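Colleague: next one to model:
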Amino acid sequence: MIRVSPAYVVWLLATTACGAGALPGPSYVAQPTSALVAVPYPPPPARVESVPPRPRSTAAWIDGEWSWRRRRWLWVSGRWVEPPRGARYAPWTLVRAADGTLYEAPGAWRDARGGEVAPPAPLAQASVSDAAVVDANGEWRAAGRTLRPPGAPVREASR
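Modeller: Here you go, the predicted model:
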């Protein structure tokens with residue numbers, strides 16, 4: 001009989017539940033400081049997403065992210081995309097300056113010179129839970145609205 005330590009079992013369950021293997025992502029690049037915009041308060045905790053199967057072997061996964069729009073935080077769901085040729089992805093960034101000001105830059109595709117590139121249409125999107133989430137203080141917070149990812153087709157309302 002093989003003996004397994006309880007710590008190993010906890011580690012194994014945690015890494016399995018959290019996805020021990022990383023999803024294949026695009027090539028990354030840092031956000032330029034010119035992309036930062038001051039925001040009045042930090043976003044809520046991240047939303048819970050279910051990642052759909054990879055639609056093709058060349059697809060890259062873009063994690064869901066918070067986006068500051070119309071004076072509030074909105075969630076942009078994770079998605080599989082075909083990376084634009086020659087572009088790298090600058091993931092959304094949240095930073096606090098020495099004076100306490102909070103800045104955000106939304107995720108964006110950038111060319112070799114750092115210019116923004118039009119986002120590719122999603123090949124598949126994550127399913128996003130709208131359930132409340134627990135913040136860093138252990139308090140329940142409403143999840144907020146979810147937006148279509150950039151380049152996603154507009155769905156017609158059912159009649």
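Colleague: chain neighbours aside, what residue packs nearest to the spatially most central residue of the chain?
Modeller: By CA atoms, centre = their mean, the mean C-alpha position of the chain lies nearest to residue 64, the distance being 2.4 Å. Spatial nearest neighbour of residue 64, chain neighbours left out: residue 78 (4.0 Å); criterion: CB to CB, 6 or more residues apart in numbering. From N, CA and C alone the C-beta is placed, and that goes for glycine too.
Colleague: ok, now residue 81?
Modeller: Excluding the flanking residues, the one nearest residue 81 by CB to CB, 6+ apart is residue 120, at 4.5 Å.
Colleague: dump the residue contacts of the one you found.
Modeller: Listed by CB atoms under 8 Å, 6 or more residues apart in numbering, the contact partners of residue 120 are 81, 82, 83, 84, 109, 151.
Colleague: again, only using 7 Å
Modeller: Residues in contact with residue 120 (CB atoms under 7 Å, 6 or more residues apart in numbering) are 81, 82, 83, 84, 151.
Colleague: what about the second one, distance to residue 23?
Modeller: So the one you mean is residue 82. Shown here: residue 82 relative to residue 23, a distance of 15 Å by CB to CB, to the nearest Å.
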